[in-house]
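Engineer: Sequence and predicted model, in that order:
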Amino acid sequence: MDGIKVVVPAHPLVKHWVSVLRNRDTPTAAFKTGVAELGRTLTYEATKDWLPTVTKEVQSPLGACFVESIDETQPIMIVPILRAGLAFAEHATSLLPSTKTFHLGMARDEKTLQPSVYLNKLPDQFPDGCRILLMDPMLATSGTMAAAIELIKDRGADVEQIRIISAITCPPAIERLRKKFPGISVYVAAVDPVLNEKGFMIPGLGDAGDRIYGT
């Protein structure tokens, strides 16, 4: 799409975990596992062409050789949007060799659909050129995501430094991000066709936070 990069990986694991999450009969424990595993797979897809690397010499059991590895002096900044984003980002720190995690708690008013911040652990200033993974499984109206991006921009980052990772999104969310943040990249497992009047995507997967925590 013009002004925004939207990637829907065709990996069979992505499709499998979406099927688990969509199923209303999936129990809480299995739903939480599915969210975490889908987050892991999408994190891999979002970073496979994006991680800083260095070449160095190591000693193998049979001799010296040069290898290419991820530059651990440039940690990936992970920003999960609570609640659901916490489970979604659960495996990112084990997948990536070097990370820093900054929690961002945001709640959406169910009547106005407007977000409010109740926890902000973002740094005062993001390092120049750093890479930021902004993670939330649900990207419906994109109001919460847009507010999170503005907070990150206020701390010195450009949209080109941010990659959004989400499980489900819809055309209105993508269009809003395209208009407000040209150049942003979105990695998502599925794009649902409908956003209803209550701000839920159809067919969606329900309230991810409620299903993760059994509330």
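Structural biologist: Here it is on my side, so go on.

Engineer: In terms of secondary structure, what does the helix ranked longest in the chain contact?
Structural biologist: Longest helix in the chain, counting residues (DSSP state H): helix 28-47. Counting contacts by 3 or more Cβ pairs under 8 Å, 6 or more residues apart in numbering; DSSP states H and E, helix 28-47 is packed against helix 12-22, helix 84-88, helix 92-95, strand 132-135, strand 162-169, strand 184-191, helix 208-213. Any C-beta I mention is one placed from the backbone N, CA and C, and that applies to glycine too.

Engineer: With mean pLDDT, mean neighbour count and distance to residue 37 as added columns, please give those in JSON lines.
Structural biologist: Shown next, in JSON lines, are these (pLDDT from 0 to 100; neighbours: other Cβ atoms under 10 Å; distance: least, Cβ to Cβ, whole Å):
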{"stretch": "helix 12-22", "mean pLDDT": "97", "mean neighbour count": "17", "distance to residue 37": "5"}
{"stretch": "helix 84-88", "mean pLDDT": "94", "mean neighbour count": "25", "distance to residue 37": "10"}
{"stretch": "helix 92-95", "mean pLDDT": "91", "mean neighbour count": "16", "distance to residue 37": "11"}
{"stretch": "strand 132-135", "mean pLDDT": "98", "mean neighbour count": "26", "distance to residue 37": "14"}
{"stretch": "strand 162-169", "mean pLDDT": "97", "mean neighbour count": "26", "distance to residue 37": "11"}
{"stretch": "strand 184-191", "mean pLDDT": "97", "mean neighbour count": "22", "distance to residue 37": "11"}
{"stretch": "helix 208-213", "mean pLDDT": "93", "mean neighbour count": "19", "distance to residue 37": "13"}
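
Engineer: Contacts for the longest helix of the chain, please.
Structural biologist: 7, 9, 11, 13-14, 17-18, 20-21, 26, 76, 84, 87-92, 95-96, 131, 133, 135, 137, 163, 165-167, 185, 187-189, 208, 211-214 (Cβ atoms under 8 Å, 6 or more residues apart in numbering).

Engineer: Now do the same contact list for residue 132.
Structural biologist: Residue 132 neighbours (Cβ under 8 Å, 6+ apart): 76, 77, 78, 79, 126, 152, 157, 161, 162, 163.

Engineer: Need these in CSV (columns: distance to residue 193).
Structural biologist: Formatted as CSV, these follow (distance: Cβ to Cβ, whole Å):
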residue, distance to residue 193
76, 32
77, 33
78, 30
79, 28
126, 35
152, 29
157, 32
161, 31
162, 26
163, 24
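
Engineer: Residue 55: which of those is nearest?
Structural biologist: residue 76 (19.5 Å; Cβ to Cβ).
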